[in-house]
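In: no sequence for this one, just the structure:
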């Protein structure tokens, strides 16, 4: 009877753990480095260093780089889920949670849902930095919200993948190394910073196989046309597929720890 009561409180338990994750983040400002400092730094660096060489000027390069930096930041922010979960496991706090009268899945779900705040902050920071540099999309503000939500959904879907890595890895350092390599490969082996036609043929093949290319293309097309495109629908389906595959695997790995 007690187990049924706890199962009935899954939502409240998850909300409590998500709030705990938010408090932990607020009290550790260094956790905001990858969602505030990183997008500002990369936007300024790539915009002013490479804008002239690639697009003839910073303002001409912004429509290319803003979606690219946005998704790169989503990759970095989503990887934080795996690092945090691994750190909590190493500290033994998850074992303590499992001994408490709460839903078994609440600590894991609370971490992943609590990290949505980091994704929201990363999105706002990336788009605001681009705006301050002169980026002016020719669409209504509602479409800016749409591309922001699409980026957040993509980041949250990838959080399940990185959470699985965090549960399977031996240390937080291993998770961070995997996350960094993944972010660099997926972002630079795509159309995030340069047109695909400027790449060599082998790199073009790799970029076309890279899902990040389709996410960035979908965002650029929405910003250019002010409409929901076929690519955006593909990205939405891709995000749902990732969650459908990796959420059960992550829960399975969590049960094994």
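Out: Okay, I see it. Predicted model only: the values in this text are computed from it and were never measured.

In: quick one: low-confidence parts of the stretch 151-257 of the chain?
Out: Applying pLDDT under 70 to the stretch 151-257 of the chain flags no residue at all.

In: that one: helices as residue ranges?
Out: 172-188, 201-209, 211-225, 230-256 (DSSP state H, counting those that start in this stretch).

In: out of those, which is closest to residue 144?
Out: helix 211-225 (8.0 Å; C-beta to C-beta). For glycine as for every other residue, the C-beta is placed from the backbone atoms N, C-alpha and C.

In: buried set for that closest one?
Out: For helix 211-225, the neighbour count (16 or more other C-beta atoms under 10 Å) marks 211-223 as buried.

In: what packs against it?
Out: helix 58-91, helix 141-168, helix 172-188, helix 230-256 (3 or more C-beta pairs under 8 Å, 6 or more residues apart in numbering; DSSP states H and E).

In: and the last one with helix 211-225, angle?
Out: Counting by axes from the mean of the first three to the mean of the last three C-alpha atoms, to 10 degrees, helix 230-256 lies at 140 degrees to helix 211-225.

In: and helix 230-256, what does it pack onto?
Out: Using 3+ C-beta pairs under 8 Å, 6+ apart: helix 230-256 touches helix 106-114, helix 141-168, helix 211-225.

In: so which of those helices gets nearest residue 187?
Out: helix 211-225 (6.4 Å).

In: span of stretch 192-202 from start to end?
Out: Length of stretch 192-202, first residue to last, C-alpha to C-alpha, to the nearest Å: 17 Å.

In: oh, I was asking about stretch 218-231
Out: 5 Å.

In: now do stretch 160-175
Out: 13 Å.

In: show me how far that stretch is from its chain's centre.
Out: Here the centre of stretch 160-175 is set off from its chain's centre by 15 Å, with C-alpha atoms, centre = their mean, to the nearest Å.

In: over to stretch 160-179?
Out: 15 Å.

In: what residues does it touch?
Out: By C-beta atoms under 8 Å, 6 or more residues apart in numbering, the residues outside stretch 160-179 that reach it are 76, 78-87, 89-90, 108, 111-112, 242-243, 246-247, 249-250, 253-254, 256-257.

In: show me which residues of that stretch are buried.
Out: 160-169, 172, 174-176, 178-179.

In: out of the helices and strands packed on helix 230-256, the one nearest residue 125 is which?
Out: Closest approach to residue 125 among those is made by helix 141-168 (11.2 Å; C-beta to C-beta).

In: compute the inter-axis angle for that closest one and helix 230-256.
Out: Going by the same axes, to 10 degrees, helix 141-168 makes 30 degrees with helix 230-256.

In: pretty sure residue 77 contacts residue 117?
Out: No. If you go by C-beta atoms under 8 Å, residue 77 and residue 117 don't touch, sitting 9.9 Å apart.

In: who has more neighbours out of these two?
Out: Ranked by neighbour count (other C-beta atoms under 10 Å), residue 77 and residue 117 place residue 77 first, with 34 against 16.

In: still on that earlier bit, now, of the contacts of stretch 160-179, which are buried?
Out: Among these, those classed as buried by 16+ other C-beta under 10 Å are 76, 78-86, 89, 108, 111-112, 242-243, 246-247, 250, 253-254.

In: of the buried residues of stretch 160-179, closest to residue 228?
Out: Among these, residue 160 lies closest to residue 228 (C-beta to C-beta), at 24.5 Å.

In: distance of residue 31 from residue 97?
Out: According to C-beta to C-beta, to the nearest Å, residue 31 and residue 97 sit 20 Å apart.

In: now do residue 143
Out: If you measure residue 143 against residue 97 using C-beta to C-beta, the figure is 41 Å.

In: same check on residue 43?
Out: In this view, residue 43 and residue 97 are 38 Å apart by C-beta to C-beta.
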